[in-house]
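> Here you go, sequence then predicted model.
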Amino acid sequence: MSATQPAQPAQPAQPARPTQPTQPKVTEREARQVAEAAREADWRKPSFAKELFLGRFRLDLIHPHPLPADEDVRRGEAFLARLREFCETEIDGRRIEREALIPDETVRGLKELGALGMKIDPKYGGLGLTQVYYNKALALVGSVSPAIGALLSAHQSIGVPQPLKIFGTQEQKDTYLPRCARTDISAFLLTEPDVGSDPARLATTAVPEGEDSYVLDGVKLWTTNGVVADLLVVMARVPKSEGHKGGITAFVVEADSPGITVEHRNAFMGLRGLENGVTRFHRVTVPAANRIGPEGAGLKIALTTLNTGRLSLPAMCVGAGKWCLKIAREWSGVREQWGRPVARHEAVGSKIAFIAATTFALEAVVDLSSQMADEDRNDIRIEAALAKLYGSEMACLMADELVQIRGGRGFETAESLAARGERAVPAEQLLRDLRINRIFEGSTEIMHLLIAREAVDAHLSVAGDLIDPEKDLGDKAKAGARAAGFYARWLPKLAAGPGHVPGTFREFHPRGHTDLAVHLRYVDRSARKLARSTFYAMSRWQGRMETKQGFLGRIVDIGAELFAMSAACVRAEHLRASGDHGREAYQLADAFCRQSRLRVEELFGRLWSNTDDLDHKVVAGVLTGTYAWLEEGVLDPSGDGPWIADASPGPSSHENVHRPIR
């Protein structure tokens with residue numbers, strides 16, 4: 001409870017709520033229909049990653065590497081200089097970790113610096129940074145305190161500013177963007193206690209009350225920034241009625257509105273300063289003017305916002321990789337075992353090479369995707385999703401390798417190291433802090449399915465009716481004709497291409513430099529093989545394809561590796577052409593591509609040789625208790641209590657822990 005906020009009067013006694021939350025009953029098909037209706041169906045602009053999954057290596061879409069405008073660079077570098085000074089003098093990351101709280105004075109300093117408005121247009125009081133420099137800023141501040149990086153990212157990438165920028169009315173922009181740029185922290189509220197990646201079951205309601213307002217009721221979970229937020233983006237279900245289309249709808253809500261209670265501030269294994277909570281809405285009146293877009297457009301708004309919003313997370317993963325590399329280099333050069341520095345031992349050296357090469361590739365992926373977002377010439381929804389997926393997974397691996405390189409000191413906390421006189425290296429904290437990135441903004445499993453859906457979009461658009469059980473014979477006949485024409489033109493082109501011709505991509509093998517052209521030819525060949533594999537799988541499994549999540553995940557992982565290889569090569573050539581560490585960049589790109597190719601070959605092999613079917617049988621046995629005997633011999637320390645907390649509508653019986661920072 002903030003010292004400046006009076007305690008709320010005690011609520012009158014209420015009848016006990018049901019022990020289980022009430023959720024909308026939806027079938028699997030209905031849930032899929034909701035998700036399908038929310039995705040952006042049209043492709044109005046070219047997409048490098050989409051073409052890659054179709055077996056077309058469109059290097060021309062990313063090479064030469066796009067560059068920011070001079071004025072964008074000047075403005076971005078100037079802010080980075082101010083932010084760096086602030087991070088060095090005003091942010092105490094160890095204090096945030098120790099107290100599990102970002103000090104109010106630190107947040108006020110960020111407001112004064114303009115950090116809340118990095119992506120907001122200057123006409124609304126923001127800094128107007130490009131996506132490239134916004135990401136660089138997040139990587140910088142996140143290296144000092146990942147909790148602050150999460151606060152700034154949640155506020156600007158998915159909070160109020162981004163959806164209003166794309167979908168808001170001019171009146172909404174004039175009202176809220178100046179506040180978000182300088183003073184007000186925002187949060188995004190979608191997840192509920194029993195609703196994660198299945199929004200069809202969303203239980204929070206927004207019931208129309210006359211023509212001018214809605215009444216919100218429900219509970220939201222894991223509301224990042226929700227504990228300190230001034231403004232909320234809330235997703236709620238509007239019931240269908242006369243004059244109301246209904247559906248999941250987005251609203252801007254004042255966080256101090258009567259009926260809103262932050263019931264709990266959550267604590268996590270990492271990001272200990274994260275202001276994340278449980279928020280209850282009880283008969284909260286929201287003006288109709290605060291609705292973002294039309295009724296029923298909320299999920300589409302959320303997904304569209306995330307198209308570029310997802311880039312903030314891998315940007316902070318890049319920052320983590322850079323720090324891992326710095327610590328690995330410094331430590332392994334002075335730590336000696338058996339007469340020489342541990343870096344000179346191959347077992348440790350291979351880990352350092354992985355960290356260096358992967359950091360180079362991750363930065364290439366994020367910078368390339370971000371610059372394409374700034375130029376707005378390409379559709380980057382798949383690129384951004386791949387960046388999030390790949391960045392979150394690889395950053396965790398790099399942090400784990402750093403802990404291993406540091407040995408026992410990697411497992412020891414920074415506070416403990418400092419207390420006994422050694423450098424306070426928070427390697428174990430980094431590992432804990434990064435772990436959430438594989439869950440944030442779409443878990444790895446959900447990202448696999450989301451990207452896979454986009455990857456097979458061209459196939460479903462021409463042949464989807466063939467495998468849809470609800471289509472009649474006439475529709476299937478038309479789909480068959482469309483499919484025959486499409487595949488007659490497409491399949492022959494997958495047989496061979498530039499990747500099969502020695503000497504192609506010659507500009508990536510300049511005199512005196514490592515040969516990167518060989519890797520681009522590999523990408524071209526592998527993209528064609530990937531497309532053939534996808535087509536074969538669709539032909540084999542047809543309507544059951546959506547259940548083959550193991551296969552789809554490997555398809556996506558191959559695409560992520562090919563995208564990263566492409567980005568790494570393009571970045572290396574850009575640095576060589578600009579005279580900026582070109583030789584070293586070529587070496588790093590070559591190392592990454594060779595490491596990546598080993599992973600790609602393994603993934604291709606596992607497309608058809610795997611334990612998926614056997615795993616299904618084992619899972620069935622686990623769920624039916626067949627292997628319950630295996631659990632004997634231990635005690636369960638988790639105790640009693642429901643797996644999912646009650647989220648039934650009604651007034652709150654908790655103290656309000658909302659603490660806005662002024």
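That came through, no problem.
> where along the stretch 151-300 of the chain do the strands fall?
Along the stretch 151-300 of the chain, counting by DSSP state E, counting those that start in this stretch, strands occupy 186-189, 205-209, 213-224, 231-238, 247-254, 260-265, 276-287, 291-292.
> can you give me the end-to-end distance of stretch 254-272?
Using Cα to Cα, to the nearest Å, the end-to-end distance of stretch 254-272 comes to 26 Å.
> What residues sit buried inside it?
Buried residues in stretch 254-272, counting neighbours by 16 or more other Cβ atoms under 10 Å, are found at Glu254, Ala255, Ile260, Thr261, Val262, Glu263, His264, Arg265, Gly270, Leu271, Arg272. In this view, the C-beta of every residue, glycine as well, is placed from N, C-alpha and C.
> one step back: let me have the strands of the stretch 151-300 of the chain in TSV, extended by mean pLDDT and distance to Ser638.
Output for the strands of the stretch 151-300 of the chain, formatted as TSV (pLDDT from 0 to 100; distance: least, Cβ to Cβ, whole Å):
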stretch	mean pLDDT	distance to Ser638
strand 186-189	96	27
strand 205-209	96	32
strand 213-224	97	19
strand 231-238	97	30
strand 247-254	97	33
strand 260-265	98	18
strand 276-287	98	19
strand 291-292	98	40
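> tell me the most buried of these?
Most buried of those, by mean neighbour count (mean count of other Cβ atoms under 10 Å): strand 186-189, with a mean of 28.
> Tell me, please, where in the stretch 51-200 of the chain the pLDDT is lower than the cut-off.
Residues of the stretch 51-200 of the chain that meet the criterion pLDDT under 70 lie in 197.
> What are the boundaries of the helices in it?
Counting by DSSP state H, counting those that start in this stretch, the stretch 51-200 of the chain has helices at residues 70-90, 93-99, 104-113, 131-144, 146-153, 161-167, 170-182.
> Could you single out the most deeply buried of those?
Taking mean count of other Cβ under 10 Å, helix 146-153 is the most buried of the helices of the stretch 51-200 of the chain, at a mean of 26.
> ok, back up a step: just curious, which of the buried residues of stretch 254-272 is nearest to Glu375?
Leu271 (32.3 Å; Cβ to Cβ).
> pLDDT wise, what is that closest one at?
Note on Leu271: pLDDT of 96.
> Check the gap between it and Arg329 for me.
26 Å (Cβ to Cβ, to the nearest Å).
> now swap in Leu67 and tell me
29 Å.
> Mean confidence (pLDDT) on stretch 354-370, please.
Here the average pLDDT along stretch 354-370 is 98.
> Distance from it to the middle of the chain?
Taking Cα atoms, centre = their mean, to the nearest Å, one finds the center of stretch 354-370 at 16 Å from the center of the full chain.
> still on that earlier bit, farthest-apart pair in the buried residues of stretch 254-272, please.
Checking those with Cβ to Cβ, the most distant pair is Glu254 and Gly270, at 30.6 Å.
> that older thread, reformat the helices of the stretch 51-200 of the chain as CSV; add distance to Asp376.
Formatted as CSV, those follow (distance: least, Cβ to Cβ, whole Å):
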stretch, distance to Asp376
helix 70-90, 13
helix 93-99, 35
helix 104-113, 27
helix 131-144, 10
helix 146-153, 21
helix 161-167, 12
helix 170-182, 19
